[in-house]
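Chemist: Give me the fold of what follows.
(chains A and B)
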Amino acid sequence: MALDHRRVPGPEESQAPLLYAAPGEAGTDAPGREAAALRPLLARAGLLSQAEGSAYVELAGGTKVLCAVRGPREAAEGRGRLLCEFRRAPFSVRGARPRPGPATAARERELGLALQEALAPAVRLARYPRARLELTALVLQDGGSALAAALSAAALALADAGVEMFDLVVGCGLCRAPGPGGAWLLQPSEAEERAAAARLTVALMPGLNQVAGLLGSGQGGPPESWAQAVRLGLEGCQRLYPVLRRSLLRAAERRAAEGPRAVGASA
Amino acid sequence: MASVVLSEAEKVYVVHGVQEDLRVDGRGCEDYRCIEVETDVVSNTSGSARVKLGHTDILVGVKAEMGTPKLENPNEGYLEFFVDCSANATPEFEGRGGEELATEIVNTLYRIFSSESTIDVKSLCINPREHCWVLYVDVLLLECGGNLFDAISIAVKAALFNTRIPKVRVLEDEEGSKEIELSDDPYDCIRLNVDNVPCIITLSKIGCRHVVDATLQEEACSLASLLLSVTSRGTFTCMKKLGNGSLDPESIFEMMETGKRVGKTLHASLQKILDKEESLGTTRQKVGFLG
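Modeler: Numbers count the residues shown, from 1 in each chain, chains lettered A, B, ... in the order given. Reported below is the predicted structural model:
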């Protein structure tokens, strides 16, 4: 939209207020928290009526992710494919609304690819020849560890859709506190994540004890430090697993109580 | 990505070879193919490098342009990465075919350079909040023969090493207006310190062992690989699982150890070659693309 600059006597440039905020102001978390403490997790499967499978995962402190699975749909050719999309709601982040543009799209595509590569080992794609499964993860609110929450939600949604899987996938986020020798913290909040020197997301298939996904970057230090982070993350995943399994069971019970599914929903 | 189709028998042959630490081309599991590095190959750039790793051929050009610093880092310059998958590499890249791979590579490059210590971006600042150098790093894939990520990171490091940014001075007069003056001497330039620029080591899991520098055939046999970006001191700046398979936790730790070891050797030999090429000065005979 063209602006008439004579009518808008504002300054020519503007700067983000966060630049002037004193460091540490935004941090609301209690300092010196336990590194291996997990944020309470709420998971619910099967809540969207139009999708074959769906799940919602919320981490205490304000990370909310909604995930839906559509398919299997017929595809033109080739082997079964899993298509994953990772989206952030425009209001999901703190501060200014992110401008939609190629940079934002590229970042979302990277996380979409990370989702797909982490879920592919768990899904029995060979059982779905010439078909595609479409999965969308929508971050409603990012309070830290959004990719990890999306991973767990996506696996729940796939299971809820009745897709054949080897195992669930559980995601867990980590970050390394700034400064030399900073400790790795499990499931960081948004403030911790912003200040962190390094970030890491691990995805585990707990039943098979196989690492399905790894994505991390930053000043994590020597390999020993990263290895310790991976160990801590995998342990976190194991601890989250029963919660996710229970939510899946509850969804199945609820569905059984409701009687046979409506025709449109069961394909 | 460019890929080859292998029959089951061929796959078994490759996997069994890897098991015995003898790969199809005679290498061991931790050996790289012969790497050719040449810097200063394109004269229109501030720095350029071409890397040939087996049949993988990468050309990187760095152009330094003046821009305004980002709002959140007012006294730092920055790097921008672009990747172009030329249709010369494989017909799959024609039209928009290479776009997905290009985005993946660009994102990975941003990720490995995300750590503040990799490159001194503060030295790229000319005038806080107003002017800084922006380094546009353009990566061109000329040929794909496996292990793209490693080759690209080597080429990027070599090109950054080769980059010469003209020296400028900021003059301020009494009224406070600033003027930028370019040095008259074309050889008066700043060089970047690339000691901490990481290289990517991709470790592909084949059977129950892992190999570095996989060829296209070996990539077709591997379900999952681990991408590590290793600095010359052996620290990691990025870690990522690639591919549709999963990895055993124990094998990840083994791969990290291998990555550190191989990465240190790779950095040492790359730096040696770059220094040697540098010492030849302008008398060096350029090999170029037909060498």
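Chemist: For A:Val139, see how far away A:Arg87 is.
Modeler: As judged by Cβ to Cβ, to the nearest Å, A:Arg87 and A:Val139 stand 7 Å apart. Where you see a C-beta, it was placed from the backbone N, CA and C, and this is true even at glycine.
Chemist: Neighbour count: the two, which is higher?
Modeler: The neighbour comparison of A:Arg87 against A:Val139 (other Cβ atoms under 10 Å in any protein chain shown) goes to A:Val139, with 24 against 16.
Chemist: For B:Ser177, what are phi and psi?
Modeler: phi -80, psi 140 (degrees, to the nearest 10).
Chemist: What is the burial count for it?
Modeler: Look at B:Ser177: counted by other Cβ under 10 Å, it has 8 neighbours.
Chemist: Also A:Ala227?
Modeler: Counted with other Cβ under 10 Å, residues neighbouring A:Ala227 total 16.
Chemist: Assign a three-state SS to it, would you?
Modeler: State at A:Ala227, reduced to three classes by DSSP: H, G, I helix; E, B strand; the rest coil: helix.
Chemist: ok, which stretches of the stretch 101-250 of chain A are strands?
Modeler: Shown for the stretch 101-250 of chain A, the strands assigned by DSSP state E, counting those that start in this stretch span residues A:131-141, A:170-176, A:184-186, A:198-205, A:210-221.
Chemist: swap that for the stretch 151-291 of chain B, sorry
Modeler: Ranges of strands within the stretch 151-291 of chain B are B:164-166, B:168-172, B:178-182, B:189-191, B:199-206, B:209-212, B:225-230, B:236-242, based on DSSP E, counting those that start in this stretch.
Chemist: so, in contact with chain A or not, the last one?
Modeler: Read it as strand B:236-242. Yes. Applying Cβ under 8 Å from any Cβ of the partner chain, one finds strand B:236-242 touching chain A at B:236-242.
Chemist: follow-up on the earlier one: B:Ile154: which of the strands of the stretch 151-291 of chain B is closest?
Modeler: strand B:199-206 (5.8 Å; Cβ to Cβ).
Chemist: Would you reformat the residues of strand B:236-242 next to chain A as JSON lines and include neighbour count and pLDDT?
Modeler: As requested, the residues of strand B:236-242 next to chain A are exported to JSON lines (neighbours: other Cβ atoms under 10 Å in any protein chain shown; pLDDT from 0 to 100):
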{"residue": "B:Phe236", "neighbour count": "29", "pLDDT": "92"}
{"residue": "B:Thr237", "neighbour count": "27", "pLDDT": "92"}
{"residue": "B:Cys238", "neighbour count": "26", "pLDDT": "92"}
{"residue": "B:Met239", "neighbour count": "28", "pLDDT": "93"}
{"residue": "B:Lys240", "neighbour count": "24", "pLDDT": "93"}
{"residue": "B:Lys241", "neighbour count": "26", "pLDDT": "94"}
{"residue": "B:Leu242", "neighbour count": "21", "pLDDT": "93"}
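Chemist: mind checking which of the strands of the stretch 151-291 of chain B is nearest B:Val134?
Modeler: With Cβ to Cβ, the closest approach to B:Val134 among the strands of the stretch 151-291 of chain B belongs to strand B:164-166: 10.6 Å.
Chemist: What ranges in the stretch 151-291 of chain B fall below the confidence cut-off?
Modeler: When residues are selected by pLDDT under 70, those of the stretch 151-291 of chain B lie in B:290-291.
Chemist: ok, which residues in it are in contact with chain A?
Modeler: Residues of the stretch 151-291 of chain B lying near chain A (Cβ under 8 Å from any Cβ): B:223-224, B:226, B:229, B:234-249, B:252-253, B:256-257, B:259-260.
Chemist: Would you list the buried entries among these?
Modeler: Neighbour-count burial (16 or more other Cβ atoms under 10 Å in any protein chain shown) is assigned, among these, to B:224, B:226, B:229, B:235-247, B:252, B:256, B:259-260.
Chemist: Which helix runs longest in chain B?
Modeler: Counting by DSSP state H, the longest helix found in chain B is helix B:249-280.
Chemist: roughly how far out does it sit from the chain middle?
Modeler: Computed by Cα atoms, centre = their mean, to the nearest Å, the chain-centroid distance of helix B:249-280 equals 13 Å.
Chemist: who does it touch, helix- and strand-wise?
Modeler: The elements that helix B:249-280 packs onto, with contact taken as 3 or more Cβ pairs under 8 Å, 6 or more residues apart in numbering or on different chains; DSSP states H and E, are strand A:210-221, helix A:223-258, strand B:35-39, helix B:148-162, strand B:199-206, strand B:209-212, strand B:225-230, strand B:236-242.
Chemist: And these: which comes nearest B:Pro128?
Modeler: Proximity to B:Pro128 (Cβ to Cβ) singles out helix B:148-162 among the helices and strands packed on helix B:249-280, at 23.0 Å.
Chemist: CA atoms only: put the closest one into CSV for me.
Modeler: Backbone C-alpha positions of helix B:148-162 (Å, rounded to 0.1, in the frame of the first residue of the first chain) are rendered in CSV as follows:
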residue,chain,number,x,y,z
LEU,B,148,27.2,-32.2,-1.2
PHE,B,149,27.1,-30.7,2.3
ASP,B,150,30.8,-31.4,3.1
ALA,B,151,32.0,-30.1,-0.3
ILE,B,152,29.9,-26.9,0.0
SER,B,153,31.2,-26.1,3.5
ILE,B,154,34.8,-26.6,2.4
ALA,B,155,34.2,-24.3,-0.6
VAL,B,156,32.5,-21.7,1.6
LYS,B,157,35.4,-21.7,4.0
ALA,B,158,38.0,-21.4,1.2
ALA,B,159,36.0,-18.6,-0.4
LEU,B,160,35.8,-16.7,2.8
PHE,B,161,39.5,-17.2,3.3
ASN,B,162,40.1,-15.7,-0.1
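Chemist: Now A:Arg44. Nearest residue, chain neighbours left out?
Modeler: Nearest residue to A:Arg44 in three dimensions, chain neighbours excluded: A:Tyr56, at 4.9 Å (Cβ to Cβ, 6 or more residues apart in numbering or on different chains).
Chemist: what's the neighbour count on that neighbour?
Modeler: There are 23 residues near A:Tyr56, going by other Cβ under 10 Å.
Chemist: next SSE after the helix or strand where it lies?
Modeler: According to DSSP states H and E, A:Tyr56 maps onto strand A:53-59. Moving toward the C-terminus from strand A:53-59, the first helix or strand encountered (DSSP H and E) is strand A:63-74.
Chemist: As a markdown table, the strands of the stretch 151-291 of chain B with distance to B:Glu143 would be great.
Modeler: Formatted as a markdown table, these follow (distance: least, Cβ to Cβ, whole Å):
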| stretch | distance to B:Glu143 |
| --- | --- |
| strand B:164-166 | 28 |
| strand B:168-172 | 38 |
| strand B:178-182 | 38 |
| strand B:189-191 | 30 |
| strand B:199-206 | 17 |
| strand B:209-212 | 20 |
| strand B:225-230 | 20 |
| strand B:236-242 | 20 |
